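>>> sequence below, structure please.
(2 chains)
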Amino acid sequence: MATVVEAVAPARSHRTRMRITATMTGVVGALLAVIAGSLFDVRPPDAYGLCMACHARDLVNWTVNAAAGTRLTVAPASLVFPVLTPVGVLLGALLAARTSGEFRWQRPEHPLKTFLYGVAVMNCALLAGGCSIRLLLRTAAGEPLGVIGFGALAAGVILATQWLRWRAAR
Amino acid sequence: MTAAVATLVAGVVLGYLGQRSRMCFVGGIRDFMLIRDGYLLRGLLAFGLTAWLAFPLLAAIGGAGVGPFGLPDALTAILTMCGAFGVGYVSTLANGCPFRQHVLAAQGVVSSGTYVAGFFAGAVIFHMWAAPLLLRVLP
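You can find the predicted model right below:
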């Protein structure tokens, strides 16, 4: 019995230690985004395969329209049925957290502040025509507006990081 | 319906990978500036580079291509810059991009859950109040 456990244990620990890096996630994410747009009708608009903001907007607005009879904007890709990226990401991350034992409830420190951050980011993203992912996707597609947007996004991150650094040093 | 199924599947795969890898699309620049850590930045660059190669490759094998893109007018460019700057700035203060916040919410971080609730509410707020107001104010 001991021999069996010793024989199996290294293989299992090797399997659980299989590390998924950010680079792998970036490559797979980009492939999925481009394939979804090019082959699975997640368009128009162009380079629409993956966006947390636009897809969440489509999902929420489509649902509100269906429930309340409003006419809030949804992208042409979501006219018949909304794209479900936010639901998929939540389910996938929940699955990963559960299987790795990393799921645990953590109390919010400033719930109102984080709620307002969410409102602000969504409004800014819809003004820009995409979240950080889609701005990068539009840049990769060669869209000049995407390049402008991604440059401004990087500037925002740099300035906010400087602000955080300055505040920490005070 | 094809788009819904495709994005659901892509979302599940990305959510899984994102949770395992801690991927964040603004964290790469932030971490590199703060502690010279290029782990997340490599993910960001890998995403951009792969998409840049995949767009023409898929178009060449029969997929739908993108573009051609014209130059934007000045007002659209300015609005895009303002919006994108806000996304970068506020996401950094919120400690992660929208994708990372969804992943954290799914692993039980209630702060990120409230962020996602605000994110969803923000869509309705934008289309009911913010966009009409902008249209009224702008030339």
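>>> burial count for B:Q19?
29 (other CB atoms under 10 Å in any protein chain shown). No exception for glycine: its C-beta is placed from N, CA and C like everyone else's.
>>> and the longest helix for the chain?
Because you didn't say which chain, this covers chain A. Criterion DSSP state H: the longest helix present in chain A is helix A:144-169.
>>> that was the other one, I meant chain B.
Secondary structure of chain B per DSSP H: the longest helix is helix B:39-60.
>>> could you list the buried residues of that one?
Judged by neighbour count using 16 or more other CB atoms under 10 Å in any protein chain shown, the buried positions of helix B:39-60 are B:39-48, B:50-52, B:54-55, B:58.
>>> the longest helix of chain A and chain B in contact?
Yes: Helix A:144-169 is in contact with chain B by CB under 8 Å from any CB of the partner chain, via A:144-145, A:148-165.
>>> buried among the residues you listed? Need that as a selection in PyMOL.
Selecting only the buried entries of those in PyMOL, with 16+ other CB under 10 Å as the criterion:
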select buried, chain A and resi 145+148+149+150+151+152+153+154+155+156+157+158+160+161+164
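>>> tell me which residues of stretch A:35-53 are tucked away?
A:35-43, A:45-53.
>>> the residue in chain B positioned nearest to chain A: what's it in contact with?
Proximity to chain A, evaluated over chain B using CB to the nearest CB, is greatest for B:G11 at 1.9 Å. Going by CB atoms under 8 Å, 6 or more residues apart in numbering or on different chains, B:G11 touches A:84-92.
>>> quick check: closest non-adjacent residue to it.
Excluding the flanking residues, the one nearest B:G11 by CB to CB, 6 or more residues apart in numbering or on different chains is A:G88, at 1.9 Å.
>>> mind checking the SS state of A:I20?
coil (DSSP: H, G, I helix; E, B strand; the rest coil).
>>> hmm, it is touching B:G18, no?
No: the criterion here is CB atoms under 8 Å, and A:I20 misses it with B:G18 at 9.1 Å.
>>> returning to what we had before: in helices only, show me the contacts of B:G11.
Residues of the contacts of B:G11 located in helices (DSSP H): A:85-92.
>>> so what secondary structure elements neighbour the longest helix of chain A?
Judged by 3 or more CB pairs under 8 Å, 6 or more residues apart in numbering or on different chains; DSSP states H and E, helix A:144-169 is in contact with helix A:111-128, helix A:132-140, helix B:27-35, helix B:74-93.
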